[in-house]
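Peer 1: could you look at this predicted model? Sequence included:
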Amino acid sequence: MTLASISDVQPSAATTPLSRCGWCGNDPLYQAYHDTEWGRPQHDPVKLFEKICLEGQQAGLSWITVLRKRAHYRKRFFDFDPVKVAALTDEDLAELVTDSGLIRHIGKLSAIRDNAKAYLVLQAQGIDFSSWLWSFVEGKTIVNEWASFREAPAKTAPSSAMSKALKKAGFRFVGETTCYAMMQSVGMVNDHELSCHVRNI
């Protein structure tokens, strides 16, 4: 093989690692979440309700901790059906807090029920939950240009406004940093690094 032909050889797709946002590291579950969910616009109201609740569970923890428990949360909280979740009793919550498959924090778990009740109140008022949340970014994704995920802010004016509105509506564990994390994950904000392979998907 000549030097010229050697220089033309390109690494195969199998040996070339994909460029991903630095936060997802090498964990296969985290990478799959990053590649298929994080940053992709989500408009389903129940999925958005689930995301708000799960982001609240993360408070003080890493997202991978919640992600590893997400399937069990969906099982125990009826796939985040707001009507069924709102009907949970105090006795139900007392049992849930003993479940090692969940984050055993009574405040966080009871917040999911309170959030379901708040969701239903908004629905009864004729408010479309998805349209309402997306209104904080004027209905379209805010596209940022970060070389590193570390450049992204922890909160923004829209996330602060969303947090204030959610709290006023009766939601809990919805601080401004929690709201920004949710906005990133559901594609209200595109914070994929400039070099990330799914940035423009």
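Peer 2: Nice, thanks for sending it over.

Peer 1: quick check: mean pLDDT of whichever strand or helix holds residue 116?
Peer 2: Element membership of residue 116 [criterion: DSSP states H and E] is helix 106-124. In this model, helix 106-124 carries a mean pLDDT of 98.

Peer 1: just stretch 128-139 next, same as before
Peer 2: Here the average pLDDT along stretch 128-139 is 98.

Peer 1: sorry, back to before: which helices and strands does the helix holding residue 116 pack with?
Peer 2: helix 45-58, helix 82-86, helix 90-96, helix 129-134 (3 or more CB pairs under 8 Å, 6 or more residues apart in numbering; DSSP states H and E). Backbone N, C-alpha and C define where each C-beta goes, glycine included.

Peer 1: so can I have TSV of those showing distance to residue 163 and mean neighbour count?
Peer 2: What follows is the helices and strands packed on helix 106-124, written out as TSV (distance: least, CB to CB, whole Å; neighbours: other CB atoms under 10 Å):
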stretch	distance to residue 163	mean neighbour count
helix 45-58	11	22
helix 82-86	20	18
helix 90-96	24	13
helix 129-134	11	18
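
Peer 1: go through those and name the closest to residue 178.
Peer 2: When these are compared by CB to CB, helix 45-58 sits nearest residue 178, at 5.0 Å.

Peer 1: what's the angle from the closest one to helix 106-124?
Peer 2: 160 degrees (axes from the mean of the first three to the mean of the last three CA atoms, to 10 degrees).

Peer 1: show me where pLDDT drops low in the chain?
Peer 2: 1-16 (pLDDT under 70).
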